[in-house]
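Novice: predicted structure and sequence below. I'll ask about it afterward.
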Amino acid sequence: MKTEWALDPIYKGLEDPAYEADMQAVEKLIAEFAKAVKGAGKAEECAENLLLLEEELVLKISRLGLYLSLRQSVEAENGEVMAQDSRLMKMYSQLMPFTAAADKIFAKIEDIDGLAKKSEVVKEYTFLLKQAKENAKYLLSDDVEEIISAMDMTGGSAWDQLQSFLTSTVKVDYEGKTVTLSEIRNMAYDPDQVVRKAAYEAELACYEKIQDSIAFALNNIKNQVTFLCHKRGYESPLAMTLKQSRMTKETLDAMLEAIKEYLPSFRKYLRKKAEMLGHENGLPFYELFAPLGKSDKKFSVEEARDYLVNCFKTFTQDMSDIMQEAFDNEWIDFFPRKGKRGGAFCAGVPGMKESRILTNYDGNFGAVSTLAHELGHAFHNRQTEDNRALNQDYSMPVAETASTFNETHLGHFALTTATPEEKLALLESDLMEKTQCIVDIYSRFLFESAVFEQSQSKFLMADDLKALMLDAQRQAYGEGLDENFLHPYMWACKSHYYSSGLSFYNFPYAFGNLFAVGLYNMFLEEGESFVPKYKAMLKATPTCTIEEAGAMMGVDLSDKKFWESSLALIAKDIEAFCALIK
């Protein structure tokens, strides 16, 4: 089985005639779209034509952009790919002011529902048009929007690329060898405590080589976001993110308040794990991912495939089939290598009904769980891919729901087939991931909030950022972690902080985790009848608010009680873990 993804089905290379034809088609479509926007008459009369043109543009730009992004994620030092990405970014910056202008035209439609009765295209884009009407007040003049889009290429987006380049190429010194950052971070899961600690120390040391450059990147991105946020009339970057997420502050506050109430339960788990590993003052950061129990099994790629395919037959055959397809058709790039970025992600391929998945696979059960997570995104993509082109992009919080649901199902499946000796390892692995998605994510939310606030009055040097990160970890983890072994550089290695168009990509993980826990409990109660309702909700996520998605499942997401009910289930698992230790 091939262990690197196949990109040829998208384009056979930069020299592929289809690639160049699409690049040139984008240039022509932008000119056509610009002409249509500039010559637009009454909004009701030109809306359908503008929507159809925008569909064509989005499909081609998304496909080109995805291809270049996938290449860059595994070829960080490929200058030719970078040059092509810059070429596309220039086209995109030319388009953005016209899409903003089109949104202003859509906002002038007086009766969207009435127009929808006359046009099938408008009918399918009713939600999008109503969102455009609501968001029009945040748009600046056409000229200013054009300048903003152009300047971002050498501003926020360039700083983002710098962070990705530095963390993909930094050389980590470990035991007389040079390894990548992804490889050294994977050692946090090693069964040998000596290896885990040495890897942690090597990781922290390597950041000293790149910390100042990354600090400059973070400061400039956050300052750009804050400046534009206020110019557009948003109360804060968080308010802007919530608007982009189609989520209310009441829902976020309900979730965060519930999380704060349950932090003592997670700290109890961490201290119990620390005791098992021989630590008296809480868990050192380098032990967060230490495996416990007897679960030394390593999964080959083929074994991971078979395990996942069989596991998800017990949920729905559709999910199992997508997993088989992903392995068979080379959707996945598995192993770390030079120039490859760390972490994992899944991206849908526009117009192909496929996805591409990057992991840094090491064969542990946690790596299999990561595959299940990313394939959950692929399942979500499959539900939305029959929507019209502009109705396929769902917001951040629900983006992590199907993926976390998959992790939950995998853990449940593994526990039901495990030996008594394996159950401790599986339960601890699940709690380890949930602690990351809730406690660590809470620390990241606190950190990013502090960066936005303090970067307005001073330039945050690397030492300032380290201090803010340590403070956020203390607030979130409390006595669960050893004060002497925290991770001051968690801001440097997480790409989520470095987007000029997407802030606070942290709380969606907590949202997705807790929403998925609640949904999975429904699945256990309802069985097969749950699946069609779940799939319909995923399909609808691009065309509804977060709260409306919850309502489709019979849940009020602005009610703290829902979040408490999910957290109570996790707290119950923590008590079971502690009982197993005894």
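Specialist: Arrived safely.

Novice: hmm, residue 405 is touching residue 521, no?
Specialist: No. Applying C-beta atoms under 8 Å, one finds residue 405 not in contact with residue 521, separated by 10.9 Å. (C-beta placed from N, C-alpha, C; glycine too.)

Novice: which of those two has more residues huddled nearby?
Specialist: residue 405 (28 against 14; other C-beta atoms under 10 Å).

Novice: now that one: which helix or strand?
Specialist: Applying DSSP states H and E as the criterion places residue 405 in helix 401-417.

Novice: other SSEs contacting that helix?
Specialist: In terms of contacts (3 or more C-beta pairs under 8 Å, 6 or more residues apart in numbering; DSSP states H and E), helix 401-417 is packed against helix 301-313, helix 365-384, helix 420-435, helix 507-526, helix 530-540.

Novice: what's the distance between the nearest residue to residue 377 once chain neighbours are set aside and residue 86?
Specialist: Of all residues not flanking residue 377 in the chain, residue 346 sits nearest, at 3.7 Å (C-beta to C-beta, 6 or more residues apart in numbering). Residue 346 sits 25 Å away from residue 86, going by C-beta to C-beta, to the nearest Å.

Novice: ok, the two, which is more surrounded?
Specialist: Using other C-beta under 10 Å, the more surrounded residue of residue 346 and residue 86 is residue 346, with 24 against 15.

Novice: got the contact list for the residue nearest to residue 377?
Specialist: 355, 356, 357, 358, 374, 375, 377, 378, 381, 403 (C-beta atoms under 8 Å, 6 or more residues apart in numbering).

Novice: how about a cut-off of 7 Å?
Specialist: Residues in contact with residue 346 (C-beta atoms under 7 Å, 6 or more residues apart in numbering) are 355, 357, 374, 377, 378.

Novice: quick one: it from residue 379, how far?
Specialist: Here the criterion is C-beta to C-beta. By it, residue 346 lies 10 Å from residue 379.

Novice: in a helix, residue 178, correct?
Specialist: No. Secondary structure of residue 178 (DSSP: H, G, I helix; E, B strand; the rest coil): strand, not part of a helix.

Novice: what is the burial count for the closest residue in space to it that isn't next to it in sequence?
Specialist: Using C-beta to C-beta, 6+ apart and skipping residues adjacent in sequence, the residue nearest residue 178 is residue 171, 4.8 Å away. For residue 171, the tally of surrounding residues (other C-beta under 10 Å) stands at 12.

Novice: for residue 171, give its distance to residue 533.
Specialist: Distance from residue 171 to residue 533, by C-beta to C-beta: 50 Å.

Novice: now do residue 233
Specialist: 38 Å.

Novice: same deal with residue 379?
Specialist: Separation of residue 379 from residue 533 (C-beta to C-beta): 15 Å.

Novice: just to revisit the earlier point, just give me how far the helix or strand harbouring the residue nearest to residue 377 sits from the chain centre.
Specialist: Assigned by DSSP H and E, residue 346 falls within strand 345-349. Centre-to-centre, strand 345-349 and its host chain are 10 Å apart (C-alpha atoms, centre = their mean, to the nearest Å).

Novice: next, the angle helix 365-384 makes with that strand.
Specialist: 30 degrees (axes from the mean of the first three to the mean of the last three C-alpha atoms, to 10 degrees).

Novice: and the helix or strand following strand 345-349, how far from the chain's centre?
Specialist: Using DSSP H and E, the helix or strand that follows strand 345-349 towards the C-terminus is strand 354-358. Taking C-alpha atoms, centre = their mean, one finds strand 354-358 lying 14 Å from the centre of the chain it belongs to.
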